[in-house]
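In: Using only what follows, build the 3D model:
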Amino acid sequence: MPVLNRIASYAEEMKGWRRYLHQHPELAFDCHETAAWIVARLKEIGVDEIHEGIAKTGIVALIRGRGPHDNGGPVIGLRADMDALPIEELTGASYASTVKGKMHACGHDGHVTMLLGAAKYLAETRNFAGTVALIFQPAEEDGGGGQVMVQEGIMDRFGIAQVYGIHNAPNIPFGHFQTTPGPLMASVDTAVVKVSGRGGHGATPHECVDPVVAIVGMVQAIQTIIPRNVYALDEAVISVTMIHTGSASNIIPEEGTFSTTIRCFKPDVRALLKKRFFEIVDGHAAAYGVRAEIDYDWGYPATINHEEEAEFAAEVAREVSGTEAVDARANREMGSEDFSYMLEARPGAYLFLGTGPGAGLHHPAYDFNDEAAPVGASFFARLVERAQPLS
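Out: Next up, the predicted model:
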């Protein structure tokens, strides 16, 4: 696998970086220590500018190439997310999380390491024109830090013309890349429904207004939305994931709640799912004589790669990993990602990098494969050199 020789020489240093980050996870926007540590590494690397405090703890660092800068030159954005998850780690690793109830269970420690490795190489060689904007983003898992960074103006402020990101993918063969033009990951919306009736004794249901029966009817009817309202070739998912109600076997409760995750790829399908969800819940509430309150959270949009940029990224991936190791027409998946906001703001692409066998993402036994970091760093570095070559 043609990892860049200079980046291969950083492998042990990168492993140290990644394992330090793994030991010190932080959540959402509260990545203060993580950001400070990244800034220290960027100063050691010798980037040209460091801008902190974007989206609370986000960072944008700039490296200028060796081309002329009279007119600024092109700017390419490379993004790594840096937040962890509220999970108790079960890896048993010597470098396991030192923070109870928090761990890097999605590999964002590896993503930061890949981008720092690329940054070190690019700052040393500067074999490109224009500028690289290194984007270290908080709150991918919870809070939409990508959206906040875009709203705070990073694309215009730093003149970013295109933007790219990588996510590690356990159980995809090591070093293999997957991407596709168009939708790659789904939008995600969350609905929580509180159903209120009139409680009482289980022996006298005629004196009650039973929210349990109403919830059962709603949940069953919601499962008809996709097979009966969505075109069969427009993939979508509605999963009811929680139902909470009741306190004893002989008591009809006063109220209950249920929660759902709602995912698809097209904006019109997304709007249809919401419309039908409200119609079904409201209709069943009237039929059963209960009151239903719907808290519908419009979450991350679909992650949609731009065609030209996705094809270009696949070309670079083939250079790094070989033709047979790149699937440029991979199946899209129902997971979600707030890099979607950056792709709404600028052309670009998102890719998955296989890390080989292991526990899946968000599992307490998950651990990023350190051998993948030089592969991802090489991809980022060659992407810049290919996208912005010296004339």
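In: next structured bit after the longest helix along the chain?
Out: As assigned by DSSP state H, the longest helix anywhere in the chain is helix 267-288. Downstream of helix 267-288, the first helix or strand assigned by DSSP states H and E is strand 291-297.
In: And the contacts of that following strand?
Out: 189-197, 214, 218, 274, 277-278, 281-282, 284-285 (CB atoms under 8 Å, 6 or more residues apart in numbering). For every residue, glycine as well, the C-beta is placed using N, CA and C.
In: which parts of it are buried?
Out: Across strand 291-297, burial judged by 16 or more other CB atoms under 10 Å covers 292, 296.
In: so how far is the lowest-mean-pLDDT helix or strand in the chain from its chain's centroid?
Out: When the helices and strands of the chain are compared on mean pLDDT, DSSP states H and E, helix 5-8 comes out lowest with a mean of 94. Chain-centre distance of helix 5-8: 28 Å, with CA atoms, centre = their mean, to the nearest Å.
In: One more: stretch 30-41?
Out: Using CA atoms, centre = their mean, the offset of stretch 30-41 from its chain centre is 20 Å.
In: from here on, count from 16
Out: New numbering, starting at 16: the last item is stretch 45-56.
In: Please name the residues that touch the most centrally placed residue in the chain.
Out: Geometric centre of the chain, nearest residue: residue 352, 3.0 Å, by CA atoms, centre = their mean. By CB under 8 Å, 6+ apart, the contact set of residue 352 is 155, 182, 200, 315, 318, 365.
In: quick one: the last one is in a strand?
Out: Going back to what we said before, that points to residue 365. Yes - using DSSP: H, G, I helix; E, B strand; the rest coil, the assignment for residue 365 is a strand.
In: dump the residue contacts of it.
Out: 179, 180, 181, 182, 194, 199, 200, 318, 320, 352, 354, 358.
In: which is the next helix or strand following the helix or strand harbouring residue 325?
Out: Using DSSP H and E, residue 325 maps to helix 322-336. From helix 322-336 onward toward the C-terminus, using DSSP H and E, the following helix or strand is strand 341-342.
In: Buried ones in the following helix or strand past that following strand, by neighbour count?
Out: Beyond strand 341-342 in the direction of the C-terminus, DSSP H and E gives the next helix or strand as helix 355-360. Buried positions in helix 355-360, judged by neighbour count with 16+ other CB under 10 Å: 355, 356, 357, 358, 360.
In: Distance to residue 55 for these - can I get that in JSON lines?
Out: Formatted as JSON lines, the buried residues of helix 355-360 follow (distance: CB to CB, whole Å):
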{"residue": "355", "distance to residue 55": "30"}
{"residue": "356", "distance to residue 55": "28"}
{"residue": "357", "distance to residue 55": "25"}
{"residue": "358", "distance to residue 55": "30"}
{"residue": "360", "distance to residue 55": "29"}
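In: Would you mark the buried spots in stretch 330-338?
Out: Quick answer for stretch 330-338 (16+ other CB under 10 Å): 331, 332, 334, 335, 336.
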